[in-house]
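*Asks:* make a model of this:
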Amino acid sequence: MTAAEPSPRRRILTLLRSSAFASAFATAAIGALFSTHLLRQLMGDAGYGAIIVGLCVIGLTLLVARRREWRVIELMPTTLVLLLAWLLVTTVWSVSVSASLTGWLQLAAPTLLAVVVAQFRDTLQTVRATGDVLRFLLSGSLAIEIFSGILIDLPIPFLGIGGHIAEGGPIQGLFGSRTLLGLVTIIALITFLVEWRTRSVPVGVSVYSVLLGLTLALLTASPLVLGMGFIAGLATAILALVRHTPARHRTTLQWTIAGILTVSAALVYVFRRPFVYWLNAEPDFLSRTQLWNEIIDMAAFRPVQGWGWVGTWPDREVPYSFIQYAVGYEYTSALNAWMDMLLQAGAVGVALFAGFAGLALARAWLTASERRSTVYTWPTLIIVTLLVDSAVTSSLLGGFGWFLLVFCATRSSVTRSWRTAFEERPGSALAS
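*Replies:* Below is the predicted model of the structure:
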C-alpha cells in the first residue's frame, strides 16, 4: 500500500460520511418498516428482526462516524425521552418482563432509525425516499391484487390477499389488511402531492403516483379510509388558508380555527352514532366499542401505572387474555393507540404520549404556517393523519407509524426547540 492510498478504515469512514450512504440508509429503513407484513410473511419474525437489528447497528455506526455533525441537545425531543423512559419503567410491574422488554425494543428500534434519518436527511430528502418506497409498494400491491383477483381468480392466503379486486374490493395489497393499506395510501397521497408541488420528481411520475394512490384508496372500500381522507383534505385546506393569511392576522385566524374545530369535534362525538351509520361503519364501530369498554374496565385496576408496556398483545397473558375472552375474539391490539397506552402505561403514559404528539403537531403546524416552501406542510399533514388513524387502530405505536411520528417530531424540534433558544440566549451558560 502506497502512502497516497487511504487505509481501509479511512475508506469505511468516507463511505459512512457520504450523502449517498445516508440516502441509501434512509430508503432501506423506510422500505423495511413499510414492508413489515410482507417481510414477516416471507422471512418470519426472526428474518424480519434480523433486518431491523442490522439497520439499527448501521444507524448507530452512522451516529458514531458522524458524531461531529450532531449535538445531543438536538438528538430527540425531551417529551419523547420521557415517554420512552416511562414505558421502560413499566416493565418493572408487568406480568411478563420478557414480553415488556421485547415490546419496548420494538418501539425503540424505529425510534433509533427515525432519529438517525432526521439527523442526516432533511425533510425534502425524506419525502423523496418515502415517495420512492411507497410508489414501489403500492405498484406491487396493485399488481399482485390483479394477479390474484383477475388472472388466477384465487386468494393468496399467506399474504392475506382475498382476491376481490374484480368485485371492486376490498383489497389488502402487500399490507395484510384494508385498513392498513388505506392508511398507507393516505400517507402516500400526501407525499406524492408534496413531491408534485416541490417538483421533486417528473410530472409524469407524480400523475401516475397520485392516480395509483387514489385507485388503491377507493379499492380498500373502507369507511375509515374515507374519514381519514376527508380529515387530511380538511387539514390541507385549513393549512393553505393559514399560509396565505398575512402574518398580522394569522394568530387570530389560528385561534378561531381551533375554536371551530373544538366545537366540531364535540358535535361529532355527541352525534357519533348517526355519523357512524351514515358512513356505513356500524359493525366496525360496535365491535370496537365493545373492545374499548372491556379495556376501560381492565385499566381501572391500574389506572395510573398501567399493566406494563408490551406493544402487540402477547398470547395467554393477563389482562389481554381476559379481554379477548370477554369479547370473543383474539385481538392483538386495542384498535386505538390511546386505549393501548391507557391499558399498558396508565394515565401517566397517556399524558406523556399526548404531550409528545401534541407538541410535535404544534411545532410542525407553526413551522408550516410561517415558512413558504410546501415541503414544510408534509410533517404537519403526516402527524394529523397518524393521529386521526390512532382513534381506530394502534398502528401509530410501532413500525412505520411510530417512525414517521418520531421523524416529524424530531425535525420540528430542531426548527422550534426551547432548548436551542435557551442555548442561544445571550449570556447563558450554554452559549459560551
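*Asks:* check which residues of the helix or strand containing E145 are buried.
*Replies:* E145 is part of helix 123-146, with elements assigned from DSSP states H and E. Using 16 or more other C-beta atoms under 10 Å as the test for burial, helix 123-146 gives 123-135, 137-138, 141-142, 144-145. Backbone N, C-alpha and C define where each C-beta goes, glycine included.
*Asks:* swap in stretch 64-74?
*Replies:* If you call a residue buried by 16+ other C-beta under 10 Å, then stretch 64-74 has these buried ones: A65, R66, W70, E74.
*Asks:* how far off centre is it?
*Replies:* Centre-to-centre, stretch 64-74 and its host chain are 24 Å apart (C-alpha atoms, centre = their mean, to the nearest Å).
*Asks:* likewise stretch 76-85?
*Replies:* 16 Å.
*Asks:* in that stretch, which residues are buried?
*Replies:* Neighbour counts over stretch 76-85 (16+ other C-beta under 10 Å) mark M76, P77, T79, L80, L83, L84 as buried.
*Asks:* surely the last one touches L107?
*Replies:* Yes - contact criterion C-beta atoms under 8 Å: L84 and L107 qualify, at 7.2 Å.
*Asks:* related to what we said a few turns ago, pipe the buried residues of stretch 76-85 into a markdown table and attach pLDDT per row.
*Replies:* Formatted as a markdown table, the buried residues of stretch 76-85 follow (pLDDT from 0 to 100):
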| residue | pLDDT |
| --- | --- |
| M76 | 87 |
| P77 | 90 |
| T79 | 93 |
| L80 | 94 |
| L83 | 96 |
| L84 | 95 |
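*Asks:* now for the helix or strand where L107 lies, which elements pack on it?
*Replies:* Element membership for L107, per DSSP H and E: helix 97-120. Judged by 3 or more C-beta pairs under 8 Å, 6 or more residues apart in numbering; DSSP states H and E, helix 97-120 is in contact with helix 19-34, helix 36-65, helix 78-89, helix 399-415.
*Asks:* what is the orientation angle of the longest one with helix 399-415?
*Replies:* Between helix 36-65 and helix 399-415, the angle formed by their directions is 30 degrees, by axes from the mean of the first three to the mean of the last three C-alpha atoms, to 10 degrees.
*Asks:* residues contacting I144?
*Replies:* Residues in contact with I144 (C-beta atoms under 8 Å, 6 or more residues apart in numbering) are I156, L159, I161, G173, L174.
*Asks:* from M339, how far out is the last one?
*Replies:* Pointing back at L174 there. Going from L174 to M339 by C-beta to C-beta, to the nearest Å gives 27 Å.
*Asks:* which one's more surrounded, those two?
*Replies:* Neighbours per residue, other C-beta atoms under 10 Å: of L174 and M339, the larger number sits with L174, 25 against 22.
*Asks:* before we move on, what's the pLDDT of the residue nearest to L38 when sequence neighbours are not counted?
*Replies:* Nearest residue to L38, sequence neighbours excluded (C-beta to C-beta, 6 or more residues apart in numbering): L174, at 4.8 Å. Looking at L174, its pLDDT reads 92.
*Asks:* wait, L174 sits on I156?
*Replies:* No - under the criterion of C-beta under 8 Å, L174 is not in contact with I156, lying 10.3 Å apart.
*Asks:* could you pull up the mean pLDDT of stretch 178-195?
*Replies:* Average pLDDT, stretch 178-195: 93.
*Asks:* how far off centre is that stretch?
*Replies:* Here stretch 178-195 is found 11 Å from its chain centre; the criterion is C-alpha atoms, centre = their mean.
*Asks:* for it, which positions count as buried?
*Replies:* Under the neighbour-count criterion of 16+ other C-beta under 10 Å, stretch 178-195 has 178-195 buried.
*Asks:* go ahead and confirm V375 touches W196.
*Replies:* No - counting by C-beta under 8 Å, V375 sits too far from W196 to count as a contact (11.6 Å).
*Asks:* the nearest residue to T79 once chain neighbours are set aside: neighbouring residues, count only.
*Replies:* Nearest residue to T79 in three dimensions, chain neighbours excluded: F356, at 4.0 Å (C-beta to C-beta, 6+ apart). Number of residues near F356 (other C-beta under 10 Å) recorded here: 21.
*Asks:* cool, S333 as well?
*Replies:* For S333, using other C-beta under 10 Å, the count is 19.
*Asks:* can you pull out the low-pLDDT segments for this structure?
*Replies:* Where the chain drops to pLDDT under 70, the residues are 1-5, 268-285, 416-432.
*Asks:* for it, longest helix please?
*Replies:* helix 337-370 (DSSP state H).
*Asks:* now do the buried residues in it.
*Replies:* Within helix 337-370, the residues scored as buried using 16+ other C-beta under 10 Å are 337-346, 348-350, 352-353, 355-357, 359-361, 363-369.
*Asks:* now the element after that helix, going C-ward?
*Replies:* Where DSSP H and E defines the elements, the next helix or strand beyond helix 337-370 is helix 377-389.
*Asks:* between that next one and helix 337-370, how many degrees?
*Replies:* Here helix 377-389 runs at an angle of 160 degrees relative to helix 337-370 (the same axes, to 10 degrees).
*Asks:* nearest to E294, of the helices and strands packed on helix 97-120?
*Replies:* helix 78-89 (22.3 Å; C-beta to C-beta).
*Asks:* hey, C-alpha coordinates of the helix holding E145 in CSV?
*Replies:* What follows is helix 123-146 as a C-alpha-only set of coordinates in CSV (Å, rounded to 0.1, in the frame of the first residue of the first chain):
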residue,chain,number,x,y,z
THR,A,123,-37.4,16.8,5.2
LEU,A,124,-37.4,17.1,1.4
GLN,A,125,-34.9,14.2,1.1
THR,A,126,-37.0,12.1,3.4
VAL,A,127,-40.2,12.9,1.4
ARG,A,128,-38.4,11.7,-1.8
ALA,A,129,-37.3,8.5,-0.1
THR,A,130,-40.8,7.8,1.3
GLY,A,131,-42.3,8.5,-2.1
ASP,A,132,-39.9,6.1,-3.9
VAL,A,133,-40.7,3.4,-1.3
LEU,A,134,-44.5,3.9,-1.5
ARG,A,135,-44.6,4.0,-5.3
PHE,A,136,-42.9,0.6,-5.4
LEU,A,137,-45.0,-1.0,-2.7
LEU,A,138,-48.3,0.4,-4.0
SER,A,139,-47.5,-0.6,-7.5
GLY,A,140,-46.6,-4.1,-6.2
SER,A,141,-49.9,-4.2,-4.3
LEU,A,142,-51.9,-3.3,-7.3
ALA,A,143,-50.0,-5.9,-9.5
ILE,A,144,-50.5,-8.8,-7.0
GLU,A,145,-54.1,-7.9,-6.5
ILE,A,146,-54.7,-8.0,-10.2
